[in-house]
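> What follows is a predicted structure for the sequence shown.
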Amino acid sequence: MRLLVWALRLVVFLALFALALNNQHAVTLHSFFRIEWHTRMIYVVLAAFVAGCAIGVLAMAPRWWRGRRAAAAVQVAAPARAVRTA
């Protein structure tokens, strides 16, 4: 199983590496107030990926916090139930 996971990681890495090599041409991003940003395409793709990951983590944070609070409440309540039944 570990070999399969490492093989999958290698395939993903090689695919992303090939994407980076194939997207090295320059692009111009036009923003508000005539602001232009000249950079390589791979940096734009990387920035979009990082922004998507950050938005995903921020969207999941409240659910994670609720789960942690619920787990802590169960942990606190479990010894109290054990004392009552004993």
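Noted; the coordinates are in hand. Numbering: from 1, shown residues only.
> isn't Glu36 right up against Leu29?
Yes - in this structure Glu36 lies within contact range of Leu29 using C-beta atoms under 8 Å: 7.0 Å. C-beta here means a position set from N, CA and C on the backbone, and glycine is covered the same way.
> Counting neighbours, go ahead and name the busier of these two.
Leu29 (12 against 8; other C-beta atoms under 10 Å).
> got the contact list for the more buried one?
Listed by C-beta atoms under 8 Å, 6 or more residues apart in numbering, the contact partners of Leu29 are 36-37, 39, 44.
> which one among those gets closest to Leu14?
Using C-beta to C-beta, Val44 is the member of the contacts of Leu29 that lies nearest Leu14, at 21.2 Å.
> Could you list every helix and strand in contact with the lowest-mean-pLDDT helix or strand in the chain?
One helix or strand of the chain scores below all others by mean pLDDT, DSSP states H and E: helix 41-85, with a mean of 83. On a contact count with 3 or more C-beta pairs under 8 Å, 6 or more residues apart in numbering; DSSP states H and E, helix 41-85 meets helix 2-22, strand 26-30.
> Among the contacts of Leu29, which one has the most neighbours?
That'd be Val44 among those, by other C-beta under 10 Å, with 14 neighbours.
> check contacts around that residue.
Applying C-beta under 8 Å, 6+ apart to Val44 gives the contacts 27, 29.
> Let's see that with 10 Å instead.
Applying C-beta atoms under 10 Å, 6 or more residues apart in numbering to Val44 gives the contacts 23, 27, 29, 37.
> measure it to Phe13 for me?
Computed as C-beta to C-beta, to the nearest Å, the Val44 to Phe13 distance reads 20 Å.
> what do you get for Ala72?
Using C-beta to C-beta, one obtains 38 Å as the distance from Ala72 to Phe13.
> now Ile42
Distance, Ile42 to Phe13, using C-beta to C-beta: 15 Å.
> Comparing those two, which residue is more hemmed in?
The neighbour comparison of Ile42 against Phe13 (other C-beta under 10 Å) goes to Ile42, with 17 against 10.
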